[in-house]
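Undergrad: fold the following, please.
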Amino acid sequence: MLQRICTTLVLVILAFEPISAATADDREICMKQIGSAAIEACTREINSGNYRDLDLARLYFSRGFELAMKRNHNLVIQDYDQAIRLDPTNGGSKKAGGGHNNRGLAYSAIGQFDRAIQDYNEAIRLDPNYARAFYNRANTYRRIGDLDSAIRDLDRSIQLNPKNPNAFQNRGLSYRAKGQNDRAVLDYDQAIRIDPKYAKSFYSRCEVRAVTGELQPALVDCNEALRLQPNQGDILQLRGLVYLKLGDLDRAIADFDAALKLDEKRASALYCRGVAKIKKGDNVAGITDISAAKDIQSDIAKVYAMHGVSP
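TA: Now for the predicted structure:
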């Protein structure tokens with residue numbers, strides 16, 4: 001999701017020729033405020049006919065940015081199309097390739113991954129040191145299953161910006177998907193060193209350790225992830241699995257109950273709770289849970305058998 005993270009993409013008030021008090025106010029709202037008020041002000045300025053070329057590109061860029069916050073991705077693309085047409089290098093942003101980078105995010109959000117990659121390619125051509133574009137292209141490569149390309153782009157993004165925990169987290173996920181668990185854990189470690197409150201990496205490290213049998217360290221990680229993000233269903237479900245593997249069946253069932261309270265259609269929580277109940281001797285309730293899980297995900301038993309979890 002587009003976020004105002006990269007300071008080079010944040011628009012500033014520009015030295016337009018004064019037109020009237022009303023348009024000056026709208027220009028300021030468009031450039032500096034957020035949400036619907038900014039979008040409406042940008043629209044009034046765009047429709048005023050008072051702007052051309054770079055000045056108009058900046059208005060389209062600003063409106064596109066705010067539309068992205070509202071996930072109106074098709075409208076975002078239309079605005080960045082105009083911004084790039086008017087300003088082919090920057091696309092209305094302060095940074096070379098900024099318009100292409102942001103349009104790439106919008107294309108990725110609607111599943112047009114080839115077009116997203118084309119935009120990131122152009123952003124990187126315009127600025128070969130554009131860490132954010134490498135990072136975003138990597139995320140798109142990972143979504144289409146091109147893990148090696150994703151890792152190469154994240155390597156470059158990290159080289160350019162070694163303080164971004166998200167890049168280490170996502171490279172760790174890519175290594176995990178390739179079965180390279182040791183390298184994944186090293187990246188999660190680094191993400192946590194950069195941001196000790198980064199719950200995603202505690203969760204991901206817990207998941208790897210649960211799979212590889214490092215159960216006590218996994219439990220520590222899941223506990224910390226839950227401390228940082230209480231009542232998060234995925235983390236509760238994963239900690240329940242750790243408890244199940246440790247043989248602490250009551251705590252496992254309690255975590256699965258909590259996860260299912262948040263989403264009763266969690267196949268993994270239903271299946272693992274069923275396994276825990278059977279291990280406690282409650283066969284009828286356990287079989288009921290496992291049957292319900294299979295109705296949601298037919299191959300759930302096979303998936304967990306691969307991880308050593310079965311009734």
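Undergrad: now tell me what touches the strand or helix carrying Tyr203 from outside.
TA: Using DSSP states H and E, the secondary-structure element containing Tyr203 is helix 199-212. If you take CB atoms under 8 Å, 6 or more residues apart in numbering as the criterion, helix 199-212 is touched by 165, 168-169, 172-173, 176, 181, 184-185, 188-189, 191-192, 195, 215, 217-219, 221-222, 224-225, 228-229, 232, 234-235, 238-239, 241-242, 245, 307. C-beta here means a position set from N, CA and C on the backbone, and glycine is covered the same way.
Undergrad: quote the end-to-end distance of stretch 158-167.
TA: 6 Å (CA to CA, to the nearest Å).
Undergrad: OK, contacts around Ile144?
TA: So Ile144 contacts Phe113 (CB under 8 Å, 6+ apart).
Undergrad: swap the cut-off to 10 Å and go again
TA: Listed by CB atoms under 10 Å, 6 or more residues apart in numbering, the contact partners of Ile144 are 108, 111, 113-114, 116-117, 150.
Undergrad: before we move on, what about Ile84?
TA: 57, 60-61, 90-92, 98-100, 102-103, 119, 122.
Undergrad: next: Gln82.
TA: Counted by CB under 10 Å, 6+ apart, Gln82 has contacts 46, 56-57, 59-61, 63-64, 91-92, 99.
Undergrad: restricted to helices, list the residues you listed.
TA: Counted as lying in helices by DSSP state H, out of the contacts of Gln82, are 46, 56-57, 59-61, 63-64, 99.
Undergrad: sorry, back to before: list the buried residues for the helix holding Tyr203?
TA: For helix 199-212, the neighbour count (16 or more other CB atoms under 10 Å) marks 199-211 as buried.
Undergrad: out of the residues you listed, which is nearest to Tyr80?
TA: Set against Tyr80, the nearest of the buried residues of helix 199-212 by CB to CB is Lys200 (28.4 Å).
Undergrad: possible to save the buried residues of helix 199-212 as TSV with distance to Arg85?
TA: Output for these, formatted as TSV (distance: CB to CB, whole Å):
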residue	distance to Arg85
Ala199	41
Lys200	37
Ser201	40
Phe202	45
Tyr203	42
Ser204	41
Arg205	45
Cys206	47
Glu207	45
Val208	46
Arg209	50
Ala210	51
Val211	49
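Undergrad: now pLDDT and distance to Met69 too, for the residues you listed, in TSV please.
TA: As requested, the buried residues of helix 199-212 are exported to TSV (pLDDT from 0 to 100; distance: CB to CB, whole Å):
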residue	pLDDT	distance to Met69
Ala199	98	23
Lys200	98	21
Ser201	98	25
Phe202	98	28
Tyr203	98	26
Ser204	98	27
Arg205	98	31
Cys206	98	31
Glu207	97	30
Val208	97	33
Arg209	97	36
Ala210	96	36
Val211	94	36
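Undergrad: can you tell me which of those is closest to Ile287?
TA: Ala210 (24.5 Å).
Undergrad: any idea how far Met69 is from the residue nearest to the closest one when sequence neighbours are not counted?
TA: Among residues not flanking Ala210 along the chain, Ala218 sits closest, at 4.4 Å (CB to CB, 6 or more residues apart in numbering). Distance from Ala218 to Met69, counting by CB to CB, to the nearest Å: 36 Å.
Undergrad: who has more neighbours out of these two?
TA: Taking other CB atoms under 10 Å, Ala218 and Met69 do not tie; Ala218 has more neighbours (24 against 16).
Undergrad: from what I can see Ala167 touches Ile158, true?
TA: Yes: between Ala167 and Ile158 there is a contact at 5.0 Å, judged by CB atoms under 10 Å.
Undergrad: neighbour count winner among those two?
TA: Ranked by neighbour count (other CB under 10 Å), Ala167 and Ile158 place Ala167 first, with 29 against 20.
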